[in-house]
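# Predicted coordinates and the sequence they were generated for:
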Amino acid sequence: MSRIGRMPVVIPAGVTVEIAEGNKVTVKGSKGTLERVLPAEMEIKMEDGHVIVNRPNDLKKMKSLHGLTRTLIHNMVVGVSEGYTKVLEVNGVGYRAQKQGKKLVLSLGYSHPVEMTDPEGIETVVDGNKITVKGIDKEKVGQFAAEIREKRAPEPYKGKGIKYADEVIRRKVGKTGKK
């Protein structure tokens, strides 16, 4: 049985969860409100400060949806209570990041500066060579951080580019000259 799906989602103080028909779950907290329509096959119910997800049968599809549904609800609860952050580092000579209003301006060795506008519900903060992406929706935070990294992914020889703060770049040895 799904170990993750069986675990109840604990709702912290200050967070309200509403389950409407068609499995439309709305989570409100101090940081904002998230809503999402979850798979209709799953049975989602509230029990004394916990959200419990049950599946109708043991088909492979239901087993996979069970854990997914529970994790999506958990991510929404954590998002509205604590929020999510991803930290990226800009490494390389002349590579810079700046903030201009809602725009993130990156100088990444191209002939032009790369401009990215913060999506709705996402905020970026630049501190030296670090870019912090903040928001309440885990999916959107991860997606925008990935889009920023994609503008100049780190290369294995000098390690130049934009990488996640916790990412380790596997370095390669460069060419050796003839003797």
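Done, it's in.

# Need the three-state assignment for the most centrally placed residue in the chain.
Nearest residue to the geometric centre of the chain (CA atoms, centre = their mean): Gly142, 3.0 Å. At Gly142, secondary structure determined by DSSP: H, G, I helix; E, B strand; the rest coil is helix.

# With adjacent residues omitted, what lies nearest to it?
Excluding the flanking residues, the one nearest Gly142 by CB to CB, 6 or more residues apart in numbering is Lys86, at 6.5 Å. Heads up, the C-betas are built off the backbone N, CA and C, glycines and all.

# gap between the one you found and Gln100?
According to CB to CB, to the nearest Å, Lys86 and Gln100 sit 21 Å apart.

# and those two? which has more neighbours close in?
Lys86 (22 against 10; other CB atoms under 10 Å).

# Could I get the contacting residues of the more buried one?
Thr132, Val133, Val141, Gly142, Ala145, Tyr164 (CB atoms under 8 Å, 6 or more residues apart in numbering).

# Check the secondary structure at Met62 for me.
Relying on three-state DSSP, one would call Met62 helix.

# That one reaches Val53, doesn't it?
No: Met62 is beyond contact range of Val53, at 11.0 Å (criterion: CB atoms under 8 Å).

# Of those two, give the one with the bigger neighbour count.
The neighbour count for Met62 versus Val53, taken as other CB under 10 Å, is higher for Val53 (28 against 16).

# how much space between the more buried one and Val27?
14 Å.

# how about the strand of greatest length in the chain: buried residues?
In the chain, assigned by DSSP state E, the strand with the most residues is strand 84-91. Within strand 84-91, the residues that count as buried by 16 or more other CB atoms under 10 Å are Tyr84, Lys86, Leu88, Glu89, Val90.
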